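Q: Please find the sequence and the predicted model below.
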Amino acid sequence: MPADDRPTRPRLTPAMADLRRAVRASLEGLAPDSLVLVALSGGADSLALAAATAFEAPRAGLRAGAVIVDHALQDGSAEVAATAAAAATGLGLSPVEVRRVEVGADGGPEAAAREARYRALADVASATGAAAVLLGHTLDDQAETVLLGLARGSGPVSLHGMDAVAGLWRRPLLGVRRETTRASCADLGLEPWDDPHNDDGAYARVRVRHAVLPVLERELGPGVAEALVRTAAQLREDAEALDHFAEEQAEEVADHAEAGISLDVRSLAANPAALRQRLIRLAVASEFAVTLSRAQTLEVARLVTDWHGQGPVSLPGITVVRTGGALHFAATGAS
C-alpha cells in the first residue's frame, strides 16, 4: 500500500494516554476473553472512556461492547442514542445495544432516571454475560458526590464517595479530570453530546458543579476537587477497617434467638462509639434487613451509654428493649 494511502492513527496525546492508563488498570484481573460493556451516553466522559476501552480491551485479551440507555426524557433522545451507538460501532465496540427505558417518579427525577439506567445496564450485562460494566464517572463527579454528602450530613457511606469497583460496576476514571476526557475526545476527533440537564440549575449536583466548587476554588485556591477525593479515599479506608472490626466482634456480642437478636450491653459499652454504633446497625441490617439512620442508631445506643431505666425504643418494624444485661431486638408484635 502506498504510504499516502495508509490509514493514519491519531497521535497519542497526554489526555489520550491518561484515559488509556486508567482503563488498563481497571481491566486488570478480568478473565481472558471476558466481555466488558461501556455505559455510553454520548457525553465527553463516556465517549472518551469508550475510545480508551476500545483500544485497551483487545490488548488485555478482552472483548468490549457498549450500552446506550435512552431515558426518553428529552425531545430527540432517540437520535442522541443512535448517534452514540454509531460512535461506539465506529470505535470497534461490539455488541452495541440501545435500551429505551421508562423513568418513574419515585425519589425525584434524578434518582428515578438513575435507577432505570442501572437496571437497564444490569439487564444487558446479564443477557450478554458481561463480566463488568464500565461507568464514566470522573474525579469531578467524585468530588461533587463527597461535597453533596457533606452538605446533607449523609455520614461516612456517602462521604467516602463512589467505589472504583463494586460488583459488576467499574469506574476507571475516578482519578481523571473532566477536562481531560473532553481533551481526549478533541484529540481523537470525536464530537461529544452535551446533555442540557448538565446545565439545569434545578439539580443540586449542577449547582455544586457550576457554582459551589468554582467559589471554593476561587476563595481557597486550586485543588479543592482533588482534596475532596483524597479525603474520600481516606474515609473509605477507615470505614472499611471499622466495618471489618465490627463484623469480627459481632460473633461474640450477638446472640440469635427465634424472636430476633440480642447484643451484650457490657461488650457494647467497652467499644468506642464508632464500633458500638456499627454493631447496632449491623445487627439490625443482618436480622431485619433494615438500615438505621444515625438518629435511630444513637437512640438505641443510649440504652447502653445513658441507661436510667427507660422503656423500649421503637424502630421501623422493630422494638428494642434492655433487659438482663442485653439489648433485645424483636420484630414489632413478636411474642
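A: Done, it's in.
Q: What's the local residue count around the residue nearest to residue 60 when sequence neighbours are not counted?
A: Leaving aside its chain neighbours, residue 60 sits nearest to residue 27 (4.9 Å; criterion: C-beta to C-beta, 6 or more residues apart in numbering). For glycine as for every other residue, the C-beta is placed from the backbone atoms N, C-alpha and C. Around residue 27 there are 23 other residues, counting by other C-beta atoms under 10 Å.
Q: and what of residue 153?
A: Neighbours of residue 153 (other C-beta under 10 Å): 9.
Q: Strands of the chain, start to end?
A: 35-39, 63-70, 96-100, 132-134, 165-166, 169-170, 254-257, 260-264, 313-315, 318-323, 326-331 (DSSP state E).
Q: possible to save these as CSV with distance to residue 275, mean pLDDT and mean neighbour count?
A: Shown next, in CSV, are these (distance: least, C-beta to C-beta, whole Å; pLDDT from 0 to 100; neighbours: other C-beta atoms under 10 Å):
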stretch, distance to residue 275, mean pLDDT, mean neighbour count
strand 35-39, 37, 98, 24
strand 63-70, 41, 96, 25
strand 96-100, 43, 94, 17
strand 132-134, 33, 98, 23
strand 165-166, 24, 94, 11
strand 169-170, 29, 98, 20
strand 254-257, 13, 86, 13
strand 260-264, 12, 94, 21
strand 313-315, 20, 94, 16
strand 318-323, 18, 94, 18
strand 326-331, 15, 94, 20
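Q: Neighbours of the closest residue to residue 26 other than its chain neighbours, how many?
A: Nearest non-adjacent residue to residue 26, counting by C-beta to C-beta, 6+ apart: residue 172, 3.6 Å away. Burial of residue 172 is recorded as 28 neighbouring residues (other C-beta under 10 Å).
Q: need the contact list for residue 172.
A: Contact analysis of residue 172 by C-beta atoms under 8 Å, 6 or more residues apart in numbering lists 22-23, 25-27, 49, 52, 134, 164.
Q: let's see it at 10 Å
A: With contact set as C-beta atoms under 10 Å, 6 or more residues apart in numbering, residue 172 has these partners: 19-27, 38, 49, 52-53, 56, 132, 134-138, 164-165.
Q: Look up the closest residue to residue 61, ignoring the ones flanking it.
A: Nearest non-adjacent residue to residue 61 (C-beta to C-beta, 6+ apart): residue 32, at 4.3 Å.
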